[in-house]
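[1] okay, predicted coordinates and the sequence, questions at the end:
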Amino acid sequence: TLLIFLGIFLFVFLFLGKDGASLLLSPGDSRLIDFSSSCRQITISGNSKTTSATLYLVTETPPLTKQDAFTIEHTSLKIDQSNYEYWQYFLFPDSHFNMTVCSNSELNTQFYIIKGSKEFKKWTKGKNVKNEAFLNVINSCSDMHQLGFTASDKDEHYFVFHNPTTYAVNINLRMTFERYLPSPPFYEVPSCSTSSTGSCTLQVPTDQSYR
């Protein structure tokens, strides 16, 4: 298992290996990545303006600990007609989300929590998908809507505001996240760090069973 621990600023693309897949990680992410037992070298590179990332090889699966609590607030988030805004976070089980939201518009704004990248891509193409949560927001700033959600599976989660109407809407929102994440190891393990647009490479030792 490979453990990636990301800094807390902007989104960053990480590229694993010469022909590896790219990952879009959010601020503060820690991610466990499986790799082949025959792999002998791992390279990680970042594509970000302001943040770095650290790569660890571990022999034990790091515990999930409660960390990375943060809040997103908008007093007037404008969503254009027939458009949407979303936030994407990888959540481990028991990570919690809470939201208060309202709109001064008489037009409805739809809020979805969608689990999984494939499901979100289907949704963006107009297909029906299963929602983890749904809320209809309409003309409610005298009485704020509230919504709570706790993740049951580890996966990408998309927090989406969709404006299905033919006019722009403005919403007032406060979203609070409390995530459980794999902790970086506090004992000495092979590791390397990237700069914001740099890369680093780790040799995978053969004398131990690194995960």
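    Good, I have the coordinates.
[2] residues near Glu85, how many?
    Counted by other C-beta atoms under 10 Å, the residues lying close to Glu85 total 17. (Glycine included, C-beta is placed from N, CA and C.)
[3] hang on, it packs against Val160?
    Yes: the pair Glu85 / Val160 is scored as a contact, 7.4 Å apart, by C-beta atoms under 8 Å.
[4] paired strands for the top strand by length along the chain, with orientation please.
    Ordering each strand of the chain by length in residues (DSSP state E) puts strand 64-79 first. Using DSSP bridges, the strands paired with strand 64-79 are strand 169-182 (antiparallel).
[5] packing partners of the next helix or strand after the partner strand?
    Once the chain leaves strand 169-182, the next helix or strand it forms, by DSSP states H and E, is strand 191-194. If contacts are counted by 3 or more C-beta pairs under 8 Å, 6 or more residues apart in numbering; DSSP states H and E, strand 191-194 sits against strand 41-47, strand 53-57, strand 199-203.
[6] switch the ones you listed over to TSV; also include mean neighbour count, distance to Arg211 and mean pLDDT.
    Formatted as TSV, the helices and strands packed on strand 191-194 follow (neighbours: other C-beta atoms under 10 Å; distance: least, C-beta to C-beta, whole Å; pLDDT from 0 to 100):
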stretch	mean neighbour count	distance to Arg211	mean pLDDT
strand 41-47	18	12	80
strand 53-57	21	8	87
strand 199-203	15	13	88
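[7] to Lys121, which of these lies closest?
    strand 41-47 (21.1 Å; C-beta to C-beta).
[8] CA atoms only for the closest one, dumped as PDB, please.
    What follows is strand 41-47, C-alpha atoms only, in PDB (Å, rounded to 0.1, in the frame of the first residue of the first chain):
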ATOM      1  CA  GLN A  41      10.400   1.700  -8.500                       C
ATOM      2  CA  ILE A  42       7.700   4.300  -7.900                       C
ATOM      3  CA  THR A  43       7.700   7.900  -9.200                       C
ATOM      4  CA  ILE A  44       5.300  10.600  -8.100                       C
ATOM      5  CA  SER A  45       5.000  14.000  -9.800                       C
ATOM      6  CA  GLY A  46       2.700  16.900  -9.000                       C
ATOM      7  CA  ASN A  47       1.100  19.500 -11.200                       C
END
